[in-house]
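Undergrad: Pasting the sequence and the predicted model now:
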Amino acid sequence: MKISKKFTSIFLAGLLSASVAFSTPAVFATGDPDNPVDFKWDIDINEASISPIPTQIYTGSSIKPDVTIKYKGTILKQNTDYTLTYSNNTKIGKASVTIKGIKNYKGSKTIQFKISPQEVKNLKATPTTTSINLSWSKTPGISNYAVYRATSQNGKYTRVKTLSSSASSYKDTKALKEKVYYYKIRAYKTVNKTKYYGAYSNVICSAKTPSKPVITVKNAGSKTVKVSWKKVSGANGYEIYRKSGSSAKYSIVQTVTSGNTLSYTNKKLVKNSKYYYKVRAYRIVNGEKIYSSFSTVKQIKCR
């Protein structure tokens with residue numbers, strides 16, 4: 001007996017009657033007046049609400065994300081109300097899953113989801129006087145890396161280099177001495193002319209190592225020596241070291257905390273003693289000092 005969309009009286013086991021109204025999908029009833037009615041639903045799975053699948057991260061293995069399907073507020077059960085069949089779900093790019101209704105549900109629907117590269121890990125920076133050298137761990141399954149640079153952590157990042165998947169380092173020779181730079185990297189893969197990007201790496205901060213100071217020393221009065229040096233670009237300060245006698249050990253005698261201070265006067269020395277001086281510049285990056293190499297040692301006999 002097929003029940004129409006109009007109100008219809010149905011006798012249930014000959015004991016009671018009910019008025020019901022049905023809209024699409026159709027409902028079918030089987031049985032007779034001496035037995036309970038057995039309803040069979042025939043619902044198109046396309047009428048269900050299917051939640052979007054978020055972007056998945058590449059693993060090298062097949063990826064089978066869960067799918068949430070609801071019909072009129074009720075969550076459907078996999079292998080009870082529907083089955084899932086995944087395709088193209090092992091590589092970076094566009095994957096899909098086909099939802100097929102079973103038992104009380106009919107029809108099928110295919111939805112797509114993205115598989116993106118992993119985040120670049122272990123990004124590090126090693127400064128030198130001529131460049132800032134970046135290194136990182138290789139990311140699997142990709143085609144390229146994009147290197148970005150800014151002059152402030154929350155500033156505008158500009159892509160400065162695109163590298164192949166075989167790269168695990170980059171030498172930034174265009175960094176300026178007087179500036180501090182912030183770097184981040186992300187991996188991507190090009191599939192059918194579409195680029196699939198991974199998340200950005202951690203941001204690292206670095207700057208070129210200051211140049212080695214050029215110094216001079218001279219007597220500046222009784223038991224006094226003046227150490228002078230040329231300004232080092234990008235330096236935040238200088239450290240002055242001294243020893244007396246060729247076999248003695250150097251010790252720091254002064255830390256200059258301004259990059260614009262270019263001399264130090266060492267007083268209360270021992271007359272006719274020989275002193276050795278050397279200086280190194282430093283700059284502060286992310287709370288830490290980056291040092292230049294030491295200047296050439298200069299010696300002087302104190303008057």
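TA: In hand now; what should we look at?

Undergrad: contacts for the helix or strand harbouring T162?
TA: T162 belongs to strand 158-164 when elements are defined using DSSP states H and E. The contact list for strand 158-164 (C-beta atoms under 8 Å, 6 or more residues apart in numbering) reads S143, N144, Y145, A146, V147, Y148, R149, A150, Y170, D172, K174. From N, CA and C alone the C-beta is placed, and that goes for glycine too.

Undergrad: Tell me how many other residues surround the fifth one.
TA: Taking other C-beta atoms under 10 Å as the criterion, the count of residues near V147 is 23.

Undergrad: Where does it sit, in terms of helix or strand?
TA: Going by DSSP H and E, V147 is in strand 144-150.

Undergrad: for A175, phi and psi?
TA: phi -70, psi 140 (degrees, to the nearest 10).

Undergrad: residue contacts, it?
TA: S131, I132, Y181, A207, K208.

Undergrad: I'd like those residues laid out as a markdown table, including secondary structure and distance to Q254.
TA: Shown next, in a markdown table, are the contacts of A175 (DSSP: H, G, I helix; E, B strand; the rest coil; distance: C-beta to C-beta, whole Å):
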| residue | secondary structure | distance to Q254 |
| --- | --- | --- |
| S131 | coil | 30 |
| I132 | strand | 29 |
| Y181 | strand | 30 |
| A207 | coil | 23 |
| K208 | coil | 24 |
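
Undergrad: For those, pick the one with the most neighbours.
TA: The most neighbours of any of the contacts of A175, using other C-beta under 10 Å, belong to K208, which has 26 neighbours.

Undergrad: pLDDT wise, what is that residue at?
TA: At K208 the predicted local confidence, pLDDT, stands at 95.

Undergrad: Now do it against S292, distance only.
TA: K208 is 10 Å from S292, where distance means C-beta to C-beta, to the nearest Å.

Undergrad: Now do the shared contacts for the two.
TA: Common neighbours of K208 and S292 (C-beta under 8 Å, 6+ apart) are T129.

Undergrad: partner residues bridging Y148?
TA: On the basis of DSSP bridges, Y148 takes part in beta bridges with R159, K184.

Undergrad: Around it, how many other residues sit close by?
TA: Using other C-beta under 10 Å, Y148 has 18 neighbouring residues.

Undergrad: Next up, the contacts around it.
TA: Applying C-beta under 8 Å, 6+ apart, the residues contacting Y148 are Y157, T158, R159, V160, Y183, K184, I185, R186, Y200.

Undergrad: Now with 6 Å, please.
TA: Y157, R159, K184 (C-beta atoms under 6 Å, 6 or more residues apart in numbering).

Undergrad: Quick check on N46: phi, psi?
TA: The phi/psi pair for N46 (degrees, to the nearest 10) is phi -70, psi -20.

Undergrad: which residues of this protein score low on pLDDT?
TA: 1-41 (pLDDT under 70).

Undergrad: mind giving me the domain ranges of it?
TA: 8-41, 45-116, 124-206, 215-301 (automatic domain parsing).

Undergrad: What is the end-to-end distance of the second one?
TA: Taking C-alpha to C-alpha, to the nearest Å, domain 45-116 runs 29 Å from one end to the other.

Undergrad: just so I have it, where are all the strands in the stretch 201-303 of the chain?
TA: Listed from the start of the chain, the stretch 201-303 of the chain has strands (DSSP state E, counting those that start in this stretch) covering 204-206, 215-219, 225-229, 237-244, 251-256, 263-266, 274-285, 288-291, 298-301.

Undergrad: Show me how far stretch 239-247 is from its chain's centre.
TA: Computed by C-alpha atoms, centre = their mean, to the nearest Å, the chain-centroid distance of stretch 239-247 equals 46 Å.

Undergrad: Could you check it and say which residues are buried?
TA: Neighbour-count burial for stretch 239-247 flags E239, I240, Y241, R242, K243 (criterion: 16 or more other C-beta atoms under 10 Å).

Undergrad: Show me what the first one is bridged to.
TA: Applying DSSP bridges to E239 gives these bridge partners: T255, R280.

Undergrad: so what's it up against?
TA: Per C-beta under 6 Å, 6+ apart, neighbours of E239: I252, T255, R280.
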